[in-house]
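Chemist: Sharing a sequence plus its predicted fold:
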Amino acid sequence: MSQIGSGENTELTTPEGAESDAKKHTVTEGESLAKISETIYGSQDFWPQLAQVNNIANPNVLSAGITLDIPDKVDLEQGKFGAPDVATSYQVKEGDTLFKIAEEVYKDGSRWTEISRANGLGRLPNGNPLVFAGSTISIPR
């Protein structure tokens, strides 16, 4: 097993006899769901859905050699895996980050990407999402 890292493996395979749109990915040493999401979808934002689709209880630990199911990006964007249909609003307070907000509303800070995606938030030069105190954001449920 390896902690979240930055492994390199972009190979996607389709098992023999499987449908052609069913994609698989074999985890290599040092890979993380975020890195896999970045490589496959061009964004790290989809790692929570990869964890859900593959029933990964602790996304911080991946075993090299396991095979992950890789859903189509369109399905992820349409919310077929983990993106709730109903949204509520949240008033951003001074010092809030999306991670803190996700911890508060979901009891799981790792779900901050869902909030970012639902609000189409921009990014700071360091890659962090841009959110302002006093603004109202949508919280997907």
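Modeler: Received, thanks. Numbers count the residues shown, from 1 in each chain.

Chemist: Can you pull the phi and psi angles for residue 136?
Modeler: Main-chain dihedrals, residue 136, degrees, to the nearest 10: phi -110, psi 130.

Chemist: show me the contacts for it.
Modeler: 89, 90, 91, 92 (C-beta atoms under 8 Å, 6 or more residues apart in numbering). In this view, the C-beta of every residue, glycine as well, is placed from N, C-alpha and C.

Chemist: Quick check: of those, which lies closest to residue 52?
Modeler: residue 90 (22.2 Å; C-beta to C-beta).

Chemist: show me what contacts the closest one?
Modeler: Shown in contact with residue 90 (C-beta under 8 Å, 6+ apart): 101, 105, 136, 137, 138, 139.

Chemist: which of the residues you listed count as buried?
Modeler: Among the contacts of residue 90, those buried by neighbour count (16 or more other C-beta atoms under 10 Å) are 101, 137, 139.

Chemist: And the helices in the chain, which stretches?
Modeler: Assigned by DSSP state H, the helices in the chain fall at 33-41, 47-53, 73-77, 98-106, 112-119.
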